[in-house]
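Peer 1: Fold the following, please.
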Amino acid sequence: METKEKLLAYKIYFTLGALFIASLVVSNLIFQKFFYWDFFGLYRFEISVGILPYPITFLITDIISEVYGKKKANQVVTTGIFASVFSLAIIYVANAVPAIEKSPVNDPLFSLVFGQTALAVLASMIAYLAAQYIDIQIFHFWKKVTHGKKLWLRNNFSTFTSQFVDTFSVLFLLCSFDILSWDLFGPLLLSGFLFKVLIALLDTPLLYLAVFYFQKRFHLKRGEELQLD
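Peer 2: Numbers count the residues shown, from 1 in each chain. Sure thing, here's the model as predicted:
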């Protein structure tokens, strides 16, 4: 690979990594708001807004896994863990310092919104860590089995499995920490998992477009990965 092409490949990789980290951190910060979505009258989803940016992280890791390889995908996931811990530390300090009288957001309101963030981020990180590494492992398992063919199969199969692990784990931990009541566990598990499955199906064309771009731009064969190191 020429130096100019390698530089472009690195820029895209870092951009994808930045989007991944931003989506992950934001999902941990906004999780306490819940909403519903009536899916054409067929099913009523009741889910946290934190789930909205989360599927983006799995799409990005699938793109990186397919184009840059397993090592680079794991690298982004690990970086996301450090970013989450760092954001947690900032929130802890911000919650500890006292607000002035004229502050638009006072201490009780700030604590109400972000006070549970520490446990939520911990629960989310544990679930996320398990789900993302499972996603990458299954993705590359099917890539090896199919000899680089059937991208839709490894994308959806890995995402369905990892998303169930993530949804189950984070809800179990949030209920165990008394952040959510146990009577919400079943409905939120079903809604969360079905929503993620739907998004995974919808993002498959986006994955194909991204892979097609990389193959054309960097002259890659089907299943071939960029070698940056």
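Peer 1: wait, isn't G115 in contact with N95?
Peer 2: Yes. Here G115 reaches N95: they are 6.6 Å apart, a contact under Cβ atoms under 8 Å. No exception for glycine: its C-beta is placed from N, CA and C like everyone else's.
Peer 1: and the top helix by length along the chain, which residues are buried?
Peer 2: In the chain, taking DSSP state H as the definition, the longest helix is helix 185-218. Neighbour counts over helix 185-218 (16 or more other Cβ atoms under 10 Å) mark 185, 188-189, 191-197, 199-200, 203-204, 207, 210-211, 214-215, 218 as buried.
Peer 1: for S162, what are its contacts?
Peer 2: F58, A131, Q132, I134, D135, I138 (Cβ atoms under 8 Å, 6 or more residues apart in numbering).
Peer 1: in the least confident helix or strand in the chain by mean pLDDT, what counts as buried?
Peer 2: Within the chain, confidence by mean pLDDT, DSSP states H and E is lowest for helix 117-145 among all helices and strands, at a mean of 77. Applying a neighbour-count criterion of 16+ other Cβ under 10 Å, the buried positions in helix 117-145 are 117, 120-125, 127-140, 142-143.
Peer 1: Distance from the very next helix or strand once past that helix to the middle of the chain?
Peer 2: As assigned by DSSP states H and E, the chain's next helix or strand after helix 117-145 is helix 151-176. Between the mean C-alpha location of helix 151-176 and the chain-wide mean there is a distance of 10 Å, by Cα atoms, centre = their mean, to the nearest Å.
Peer 1: as a whole number, average confidence for helix 151-176?
Peer 2: Mean pLDDT, computed over helix 151-176, is 82.
Peer 1: Low-confidence stretches in the protein?
Peer 2: Within the chain, the segments meeting pLDDT under 70 span 1, 116-121.
Peer 1: Spatially central residue for it, please.
Peer 2: T57 (3.2 Å; Cα atoms, centre = their mean).
Peer 1: which residues does that residue contact?
Peer 2: F20, S23, L24, S27, G80, Q132.
Peer 1: Tell me who's in contact with W152.
Peer 2: T204, Y208.
Peer 1: quick one on the thing from earlier: ok, the residue nearest to the centre of the chain to N106 distance?
Peer 2: 33 Å (Cβ to Cβ, to the nearest Å).
Peer 1: Could you pull up the contacting residues of the closest residue to A200 other than its chain neighbours?
Peer 2: Computed as Cβ to Cβ, 6 or more residues apart in numbering, the closest residue to A200 that is not its neighbour in sequence is T159, at 4.2 Å. Taking Cβ under 8 Å, 6+ apart, we find T159 in contact with F58, D62, D135, K196, A200.
Peer 1: All set now, cheers.
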